[in-house]
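Student: Just need the structure, nothing else, for what follows:
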Amino acid sequence: MSKFVSSSEIWDKVRDKLGFPNPPKGKVDLFIQEDFGNFKLNHYNTGFGIRYSHFIADFYQDTILENTNSYDSSFICYNTGKDMHLEDAISNKKVKFKSNSCWNGQMYEGHLSNSLYTKGNQAIFHNIMLDDTLFNELIQNNESFNNLTSIYKGNYINVNFNNTINTKQKLLLEDLLKISKLDDRLQLLYLESKLLDLVYTTINSIEPPYKKDKIFLSNKDIESLNKAKFILTENIMCPPSLKELAHQCAINEFKLKKGFKQLHGNTVYGFLQEFRLNEAKKLLQTNEINISEATFLVGYKSISHFSKIFKEHFGVTPIEIKKESRKYYF
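Tutor: All right, here's what the predicted structure looks like:
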């Protein structure tokens, strides 16, 4: 049976420590440990209508967290943890918030909801809260954003699917995590610039929630496509061909190509390249191997080709990543 935790037990305490409803400008880091789990929250208020927070929680048992909202605001939320469900406590309507997804919407005073967390599934969210007036100004000329179809609309909330978190957003979210751990004034200014870049990128990264060209995927198809993803990540140095991959996963090539992009948000080899480059970036940031070794370990034979697509993907060269990694000490 799930443990129910009221808003007064956790979120009211967090809001008090942050100074809500009008938190002061600056950064606050919180760590809260309870009998049902522990929470880490990094919060930064720009002072000009945008507030950013990074939330990590581990639960010792299945848990229902009650959430109350006492003021109007707009939000952009990125789920970089596991899939989870949100429930409108008024209508009892449940909505699945998928991993690697970005939502946006508005919450109003009086909104009451429950977040449903599973034991052992670490919850990881990046959340941006924007003053309504500022948010409306930012999206007023964005036709795609204004025409989004609601995932869920209740009496006190409206939620839209924005997009599957893309490469640029992932990179900015990673940068925000690094910078938010530092207290230097110049670093905080840099954090604000990254935060504004993330807002801009997100508003201009709209994906419609439903597309006419989608194909039906059965549970068996989804299992096969997830297996294909696993095989690619386990064989980055020598990946199978599309024909070989389809055979190993017991799915036809058409459904492999079409279904993989539909389910995972990228083509088979687009995903493989992105995974390789992200793995290479992690290796280079450890400062334990050189660029030549990283190139080989992620499956590329040419250092010049690797450096070229790395720069196209991340906007910086592998050498710059090596230099940048020396600036952060935790």
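Student: where are the low-confidence patches of this structure?
Tutor: 179-184, 207-213, 287, 325-330 (pLDDT under 70).
Student: Which parts of it are strands?
Tutor: Ranges of strands within the chain are 3-5, 26-34, 37-45, 50-59, 63-68, 73-79, 84-88, 94-97, 101-107, 112-117, 123-130, 150-153, 157-164, based on DSSP state E.
Student: Lys311: which of those strands is closest?
Tutor: Among these, the nearest to Lys311 by Cβ to Cβ is strand 157-164 (23.5 Å). For the C-beta atoms, the positions are set from N, CA and C on the backbone; glycine is no exception.
Student: thinking again about what came up before, with mean neighbour count added, can I get the strands of the chain in CSV?
Tutor: Below are the strands of the chain laid out as CSV (neighbours: other Cβ atoms under 10 Å):
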stretch, mean neighbour count
strand 3-5, 17
strand 26-34, 14
strand 37-45, 19
strand 50-59, 20
strand 63-68, 19
strand 73-79, 20
strand 84-88, 18
strand 94-97, 15
strand 101-107, 21
strand 112-117, 20
strand 123-130, 20
strand 150-153, 16
strand 157-164, 20
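Student: In CSV: those strands, plus distance to Val268.
Tutor: Putting the strands of the chain into CSV (distance: least, Cβ to Cβ, whole Å) gives the following:
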stretch, distance to Val268
strand 3-5, 41
strand 26-34, 40
strand 37-45, 36
strand 50-59, 31
strand 63-68, 37
strand 73-79, 24
strand 84-88, 27
strand 94-97, 25
strand 101-107, 21
strand 112-117, 32
strand 123-130, 26
strand 150-153, 28
strand 157-164, 16
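Student: closest one to Gln248 among those strands?
Tutor: Closest to Gln248 of the strands of the chain is strand 157-164 (Cβ to Cβ; 25.0 Å).
Student: List the contacts of the closest one.
Tutor: By Cβ atoms under 8 Å, 6 or more residues apart in numbering, the surrounding residues in contact with strand 157-164 are 76, 88, 95, 100-108, 111, 113, 148-153, 169, 202, 205-207, 209, 265.
Student: and that strand with strand 73-79, angle?
Tutor: Here strand 157-164 runs at 40 degrees with respect to strand 73-79, directions being taken by axes from the mean of the first three to the mean of the last three Cα atoms, to 10 degrees.
Student: For Glu223, which of the strands of the chain is the nearest?
Tutor: Glu223 lies closest, by Cβ to Cβ, to one member of the strands of the chain: strand 94-97, at 18.1 Å.
Student: where's the closest one relative to the chain centroid, distance-wise?
Tutor: A distance of 16 Å separates the centroid of the chain from that of strand 94-97, by Cα atoms, centre = their mean, to the nearest Å.
Student: and if you look at stretch 139-153?
Tutor: In terms of Cα atoms, centre = their mean, the centre of stretch 139-153 is set 20 Å apart from its chain centre.
Student: Quick check: end-to-end length of that stretch?
Tutor: 19 Å (Cα to Cα, to the nearest Å).
Student: Kindly report the same for stretch 137-150.
Tutor: Start-to-end, stretch 137-150 (Cα to Cα) is 20 Å.
Student: Which residues does that stretch contact?
Tutor: 104-105, 130, 158-162, 199, 203-204, 206, 208-210.
Student: Which two of these have the greatest separation?
Tutor: Leu130 and Tyr210 (26.0 Å).
Student: all helices for the stretch 201-330 of the chain, in order.
Tutor: Here the stretch 201-330 of the chain has its helices, by DSSP state H, counting those that start in this stretch, at 219-234, 242-248, 253-264, 268-285, 291-297, 303-314, 318-325.
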